[in-house]
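Engineer: From the sequence below, what's the structure:
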Amino acid sequence: MKATSIRKAFALFMATATVFATVSCGSPQSSGNDSSQSEGSQGENSQGEDSQGEDAGSSGIINGNPLAADPQSQIQSRGNFAEAHDAFTTTLVREENDDYTVPAPPEGLFDLVSYPSKVGDLAAYVSSDPGDGQKHPIIIWVVGGWGNGIDDFPWCYPEWDNDQTGSAFWQAGLLTMYPSFRGGNGNPGHYEALFGEVDDIISAYEYAASLPYVDPDRIYLGGHSTGGTRALLASEYSDKFRAVFCFGAVDEIKYHNNSQFTFDTENEEEHIMRSPLYWLDNIKSPTFLIEGRDGNSQCLERMEAATENENLHGYVMENADHFSVLAPITRVLAQKILADTGAEPNISITQEELETAMAQEPVAPVPVMTRRTLTDPQMSFSCPYLWEITESSDGVGLDVYSRYEDDNPWDMALLHIDTYSLDEISDLAALKSSMETEGYEVTDLTVGGQPAIDTSTVFQDDEGTPYYQRYVVIQEGSCYVNLNFVTYEDYAEESDVLFQSVIDSIEF
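Structural biologist: From the prediction side, this is the model:
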């Protein structure tokens, strides 16, 4: 399924549909959109990046010899991770970075900020101030993959079996911070593959604690895959986090993709400084390791066996993998954090409640909506943040659709907007009667304070692929404003909720 197919199908529909009003009343142009957005760069933290194989996952474990003949003896003799980390100077054999642009976040939901670190200012997305004068808990979420940047990833469609977005937290009303790290997004420094990034996480904590609307005693940390390992190392480094949640972390860095290692791999100490296994006794904050049986579960179990630290809690989910644990369980964690209001951390998690969460039906996500304004017609509406507005290929009207083409209801939907005069049909009632004569079921409604009619149908393209189409006509002054929504029939139910939210948001 592709969005380009949607647009071709829509053209087919328009070519075969009965034309009820044909005289142009000034088609809206793309120049009339005063809130157009630049092309998104999914960059190093792109959606599904871990599923492309740069992390261990269910089949990416790298074969290699242990770092020591008796790792347990090294664990016992290591001592304080923070002191060892600060005293160690990593040697980078490759100096790598990127200059991917950071897209502007959805206005009013997140702010793009710079937070100070040891190497200079780093970019981050942070939840906007709720403006209620209260101090709120916040979670710092570290996404998976080896990229050190941020992009529009948090607002992409969160697949139920692979939701790496961390969106469950802010969807539940919890403040969230997505930090970038050294070397990413044009930040100073270079990729250090789990070393300097630990310092950056601590710097992100300090920044979050400085925000006037954040409760400094309720700052949480979480991450997935490489992000989970980074979060676990940060928990070993610092006791500042109220609780830490690590999905799919590895015990030793050798189980990550070594093609991403920028450090001197011949130096055993470089590995040890990046491997959580050797520093587990340093954990002082409640730290929760979560993984699917078909993911990095052996790493989790080795870490549980290596320490008696009561602050470390492990949960292996049967019949799950490195990715499928995220959507159900992050929703549980969001509620745990919101309820964690005592003077001391009081989060407790049982295997049974996580299994219950894994067994639930998938939750249909709601996209982040952003406001768009057109000049012809003079109309504003809300649509998904990821949707672009472009002039139609035939030059008549505007197409509004996602800049991505993933198989989901957000990305596989199209809205076409155009306008026509009332020259040939004098009013909306006459148009309704004409459409009913053609066999359409037409409903009266009001949109943006104006009279309108609403109809829907299913049609097929030349190959027999069924599409769902919803057609709304609004009478505004001497014009019709036509809104044509099209998606695959398989997505009709979920897409229709999205279409209705767009219709309800229209103002003239």
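
Engineer: Helices of the protein, start to end?
Structural biologist: Here the chain has its helices, by DSSP state H, at 3-16, 71-77, 81-87, 167-171, 196-210, 226-237, 268-272, 297-306, 326-339, 351-359, 428-437, 492-504.

Engineer: ok, residues contacting the third one?
Structural biologist: Read it as helix 81-87. Arg78, Phe195, Val198, Leu233, Glu236, Tyr237, Ser238, Met273, Trp279, Asn282 (C-beta atoms under 8 Å, 6 or more residues apart in numbering). Every C-beta, even on glycine, is put in place using the N, C-alpha and C of the backbone.

Engineer: any weak-confidence spans in the stretch 51-200 of the chain?
Structural biologist: For the stretch 51-200 of the chain, the stretches with pLDDT under 70 are 51-77.

Engineer: As a check, name the ranges of all strands in it.
Structural biologist: 110-117, 120-127, 136-142, 175-179 (DSSP state E, counting those that start in this stretch).

Engineer: So which residues make contact with the shortest one?
Structural biologist: By that I understand strand 175-179. Residues from elsewhere that reach strand 175-179 (C-beta under 8 Å, 6+ apart): 110, 115, 122, 124-127, 130, 136-143, 150, 154, 166, 169-170, 200-201, 204, 207-208, 213-214.

Engineer: Can you tell me which of those are buried?
Structural biologist: 110, 115, 122, 124-127, 136-143, 150, 154, 166, 169-170, 200-201, 204, 207-208, 213-214 (16 or more other C-beta atoms under 10 Å).

Engineer: what's the distance between the most centrally placed residue in the chain and Ile272?
Structural biologist: With distances taken as C-alpha atoms, centre = their mean, Pro154 lies nearest the centre of the chain, 2.3 Å away. Counting by C-beta to C-beta, to the nearest Å, the separation of Pro154 from Ile272 is 33 Å.

Engineer: domain assignment for the protein?
Structural biologist: As given by automatic domain parsing, the domain ranges for the chain are 3-29+376-504, 70-359.

Engineer: Output the ones you listed in a markdown table; the columns should cover distance to Met369.
Structural biologist: Shown next, in a markdown table, are those (distance: least, C-beta to C-beta, whole Å):
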| stretch | distance to Met369 |
| --- | --- |
| domain 3-29+376-504 | 4 |
| domain 70-359 | 8 |
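
Engineer: and among those, the most buried is which?
Structural biologist: Highest mean neighbour count of the domains of the chain: domain 70-359, a mean of 20 (counted as mean count of other C-beta atoms under 10 Å).

Engineer: re the thing from before, could I get the helices of the chain as a markdown table with distance to Gln475?
Structural biologist: Below are the helices of the chain laid out as a markdown table (distance: least, C-beta to C-beta, whole Å):
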| stretch | distance to Gln475 |
| --- | --- |
| helix 3-16 | 20 |
| helix 71-77 | 74 |
| helix 81-87 | 67 |
| helix 167-171 | 36 |
| helix 196-210 | 50 |
| helix 226-237 | 51 |
| helix 268-272 | 70 |
| helix 297-306 | 60 |
| helix 326-339 | 43 |
| helix 351-359 | 48 |
| helix 428-437 | 4 |
| helix 492-504 | 15 |
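
Engineer: For Thr373, find the nearest of those helices.
Structural biologist: helix 492-504 (13.9 Å; C-beta to C-beta).

Engineer: From the contact counts, what lies against that closest one?
Structural biologist: strand 378-384, strand 413-421, strand 450-460, strand 466-476, strand 479-488 (3 or more C-beta pairs under 8 Å, 6 or more residues apart in numbering; DSSP states H and E).

Engineer: I'd like to know which of these is closest to Asn346.
Structural biologist: Taking the helices and strands packed on helix 492-504 one by one with C-beta to C-beta, strand 378-384 is closest: 37.1 Å.

Engineer: can you state the direction angle for the closest one and strand 450-460?
Structural biologist: 50 degrees (axes from the mean of the first three to the mean of the last three C-alpha atoms, to 10 degrees).

Engineer: Contacts for strand 378-384, please.
Structural biologist: Outside strand 378-384, the residues touching it (C-beta under 8 Å, 6+ apart) are 367-374, 400, 402, 410, 415, 448, 476, 481, 498, 501-502, 505-508.

Engineer: among the residues you listed, which are in strands?
Structural biologist: Met369, Thr370, Arg371, Arg372, Thr373, Leu374, Val400, Ser402, Leu415, Glu476, Val481 (DSSP state E).

Engineer: The last one against Tyr471, yeah?
Structural biologist: No: the pair Val481 and Tyr471 fails to qualify as a contact (C-beta atoms under 8 Å) at a distance of 11.9 Å.

Engineer: what pLDDT does Ala3 get?
Structural biologist: Looking at Ala3, its pLDDT stands at 61.

Engineer: Same question for Gln360.
Structural biologist: 96.

Engineer: and the residue nearest to it when sequence neighbours are not counted, what does it touch?
Structural biologist: Closest residue to Gln360 apart from its sequence neighbours, by C-beta to C-beta, 6 or more residues apart in numbering: Pro328 at 6.1 Å. By C-beta under 8 Å, 6+ apart, the contact list for Pro328 reads Trp160, Leu354, Ala357, Met358, Gln360.

Engineer: Kindly report the same for Pro188.
Structural biologist: Per C-beta under 8 Å, 6+ apart, neighbours of Pro188: Val119, Gly120, Asp121, Leu122, Arg182.

Engineer: Just flag the most distant two among these.
Structural biologist: Put simply, by C-beta to C-beta the two of the contacts of Pro188 set farthest apart are Asp121 and Arg182, 10.7 Å from each other.

Engineer: what pLDDT does Leu277 get?
Structural biologist: 97.

Engineer: confidence score at the nearest residue to it once chain neighbours are set aside?
Structural biologist: Spatially, and ignoring its direct neighbours in sequence, Leu277 is nearest to Asp251 (4.0 Å; C-beta to C-beta, 6+ apart). Model confidence at Asp251, given as pLDDT, is 97.

Engineer: Identify the farthest-apart pair in the contacts of Pro328.
Structural biologist: Taking every pair in those and measuring C-beta to C-beta, the maximum separation is 15.7 Å, between Trp160 and Leu354.

Engineer: Could you check how far Ile219 is from Asp239?
Structural biologist: Distance from Ile219 to Asp239, by C-beta to C-beta: 12 Å.

Engineer: same deal with Leu398?
Structural biologist: 54 Å.

Engineer: got it, and Leu422?
Structural biologist: Distance, Leu422 to Asp239, using C-beta to C-beta: 70 Å.

Engineer: Please apply the same query to Ala193.
Structural biologist: From Ala193 over to Asp239 (counting by C-beta to C-beta), the distance is 24 Å.

Engineer: What residues does the closest residue to His313 other than its chain neighbours make contact with?
Structural biologist: Distances taken as C-beta to C-beta, 6+ apart place Phe288 nearest to His313, at 5.0 Å, with adjacent residues excluded. Phe288 sits next to Ala243, Val244, Phe245, Cys246, His313, Gly314, Tyr315, Ile347, Ile349 when contact means C-beta under 8 Å, 6+ apart.

Engineer: The first one touches Ile283, doesn't it?
Structural biologist: No: assessed by C-beta under 8 Å, Ala243 is found out of contact with Ile283, at 11.0 Å.

Engineer: circling back: among the ones in strands among the contacts of strand 378-384, which one lies nearest to Val458?
Structural biologist: Closest to Val458, out of all of those and judged by C-beta to C-beta, is Leu415, at 17.5 Å.

Engineer: show me the contacts for that closest one.
Structural biologist: For Leu415, counting by C-beta under 8 Å, 6+ apart, the contacting residues are Cys383, Trp387, Asp399, Val400, Tyr401, Leu483, Asn484, Phe485, Phe499, Val502.

Engineer: How about Pro451?
Structural biologist: Leu428, Asp444, Ile474, Gln475.

Engineer: go with 6 Å
Structural biologist: Contact analysis of Pro451 by C-beta atoms under 6 Å, 6 or more residues apart in numbering lists Leu428, Gln475.
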